[in-house]
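> coordinates only, no sequence provided:
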Ligand SMILES: NC(=O)c1ccc[n+]([C@@H]2O[C@H](COP(=O)([O-])OP(=O)(O)OC[C@H]3O[C@@H](n4cnc5c(N)ncnc54)[C@H](O)[C@@H]3O)[C@@H](O)[C@H]2O)c1
């Protein structure tokens, strides 16, 4: 097991990578309430059969204030007071919702995450951004608040559909492009082992991703500067997710290709590097072509919460393993897409 710490003004949060889900029960207080989704409850529900639980539906359409309303009602039914403790067990959607509910109920109660998808283990559960979508726009309403701990058990990935595994690779490739050319090479060399969930290779990816993300969050929790780098592929990604209705990981994959193409035009990467990025994404089962029209995409970007007046802080790869944060106007983005 490896332990990482996120130490921010708000609180100190421990991340346990490689700890067994079976240990959860002994790590949480007797009054802890589990929030999970129907799929995860059906597979792992025996681990919390003696506890109160709140089970939500699957998919982005449930990441809304209506689900938060439902959770608050259940918390009231259970008589949860300020000593309450919530545990989100599931993918990024469950973690985002459970974190937001815990951060706002009674002005905030303690919480923890047990991420059960690759994407949540390497990204969504880490960093304390909790939120829900609003009127179809991604993560419009939310908080920055760190959980008490994150228990990350790679064995949970054994039950994950392969499609969901692919989604997780998108965020790992993002981490490699941002900060670690060695990780990019590792992904290129071990893609088959990784798709077969070879434990050592998967463990390396999770550990390295958590290391990269937690270090950035420790330096800039509130995304005033360096944390923006983690949005590589996300300006286009969120817009594609909204317009095309495809999964977060797939949308981020396409978004990273679009950012890389802009980087090529600006001379920050070579044609060879662009081809390597595209080939790696394809090798781990991710899409690389834009599935929607340019006008719809620009309209969606215009509503992105990261937009400030007429520009966005856009993240562009600079070679492999480094990125630049550039203010790009919506007008300039339009020129790149059309
Ligand atoms: N807060 C953040 O910093 C952050 C970062 C990245 C992504 N996100 C968010 O994360 C969400 C995507 O998360 P996701 O990709 O984990 O999707 P998800 O939460 O929808 O989970 C994917 C599917 O896998 C199922 N599942 C989960 N664990 C399983 C397991 N062990 N075995 C079998 N099935 C399992 C779920 O029921 C669901 O159907 C998006 O809403 C995205 O915006 C948040």
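That came in fine, so what should we check first? These numbers come from a predicted model, not from an experiment.
> from residue 125, how far out is the spatially closest residue to residue 253 that is not a sequence neighbour?
Beyond its immediate neighbours in the sequence, the residue positioned closest to residue 253 (C-beta to C-beta, 6 or more residues apart in numbering) is residue 286, lying 3.8 Å away. Any C-beta I mention is one placed from the backbone N, CA and C, and that applies to glycine too. Taking C-beta to C-beta, to the nearest Å as the measure, residue 286 falls 21 Å from residue 125.
> which helix runs longest in the protein?
When the chain is scanned for its longest helix (criterion: DSSP state H), the result is helix 199-219.
> so what's residue 85 up against?
Residue 85 is in contact with 28, 29, 31, 32, 33, 109, 110, 111, 112, 148, counting by C-beta atoms under 8 Å, 6 or more residues apart in numbering.
> the closest residue in space to it that isn't next to it in sequence: neighbour count?
Once its chain neighbours are removed from consideration, residue 85 has its nearest residue in residue 32; the separation is 4.3 Å (C-beta to C-beta, 6+ apart). Each residue near residue 32 was counted by other C-beta atoms under 10 Å, and the total is 19.
> still on that earlier bit, so residue 286 and residue 125 - more neighbours on which side?
A direct count of neighbours by other C-beta under 10 Å for residue 286 and residue 125 places residue 125 higher, at 31 against 23.
> phi, psi for that one please.
The phi and psi values for residue 125, taken as degrees, to the nearest 10, are phi -80, psi -10.
> wait, doesn't it sit right on residue 96?
No - taking C-beta atoms under 8 Å as the definition, residue 125 is not a contact partner of residue 96, at 9.1 Å.
> overlap of the contact sets of those two?
With C-beta under 8 Å, 6+ apart as the test, residue 125 and residue 96 reach no residue in common.
> mind listing what whatever residue of the stretch 201-338 of the chain ends up closest to the ligand touches?
Minimum separation of the stretch 201-338 of the chain from the ligand (C-beta to the nearest ligand atom) falls at residue 248, amounting to 4.1 Å. Residues touching residue 248, when contacts are defined by C-beta under 8 Å, 6+ apart, comprise 60, 92, 119, 167, 170, 237, 241.
> which of those residues sit farthest apart?
Comparing all pairs in the contacts of residue 248 by C-beta to C-beta, the longest separation belongs to 60 and 170, at 15.3 Å.
> more neighbours, those two?
In this view residue 60 and residue 170 are compared by other C-beta under 10 Å, and residue 170 has more residues nearby, 29 against 17.
> tell me if the more buried one really is in a strand.
No - under the criterion used here (DSSP: H, G, I helix; E, B strand; the rest coil), residue 170 is helix, not part of a strand.
> what residues are up against the nearest residue to residue 222 once chain neighbours are set aside?
Nearest non-adjacent residue to residue 222, counting by C-beta to C-beta, 6+ apart: residue 144, 5.9 Å away. Applying C-beta under 8 Å, 6+ apart to residue 144 gives the contacts 10, 128, 129, 130, 221, 222.
> ok, and of the contacts of residue 248, which contact the ligand?
Among those, the residues lying close to the ligand (C-beta under 6 Å from any ligand atom) are 60, 92, 119, 167.
> among those residues, which ones are in helices?
92, 119, 167.
> going by distance to residue 156, which of those wins?
Sorting those by distance to residue 156 puts residue 119 at the head of the list, at 12.3 Å, by C-beta to C-beta.
> what number of residues lie near the closest one?
Residue crowding around residue 119 was assessed by other C-beta under 10 Å; the count is 27.
> for it, what are its contacts?
By C-beta under 8 Å, 6+ apart, the residues touching residue 119 are 91, 92, 164, 167, 168, 170, 171, 248, 249.
> cool, residue 92 as well?
Contact partners of residue 92, counting by C-beta under 8 Å, 6+ apart, are 115, 117, 119, 120, 123, 124, 125, 248.
> nearest residue to the residue in the stretch 151-300 of the chain positioned nearest to the ligand other than its sequence neighbours?
The stretch 151-300 of the chain approaches the ligand most closely through residue 159 (3.6 Å), counting by C-beta to the nearest ligand atom. Closest residue to residue 159 in three dimensions, ignoring its sequence neighbours and counting by C-beta to C-beta, 6+ apart: residue 43, at 5.3 Å.
> quick check: mean pLDDT of the helix or strand hosting the one you found?
Residue 43 is part of helix 38-44, with elements assigned from DSSP states H and E. Summarised as a single mean, pLDDT over helix 38-44 is 98.
> for that helix, which residues meet the burial criterion?
By 16 or more other C-beta atoms under 10 Å, the buried positions in helix 38-44 come out as 39, 40, 41, 44.
> tell me who's in contact with the last one.
Spelled out, it's residue 44. With C-beta under 8 Å, 6+ apart as the criterion, the residues that contact residue 44 are 21, 36, 89, 116, 156.
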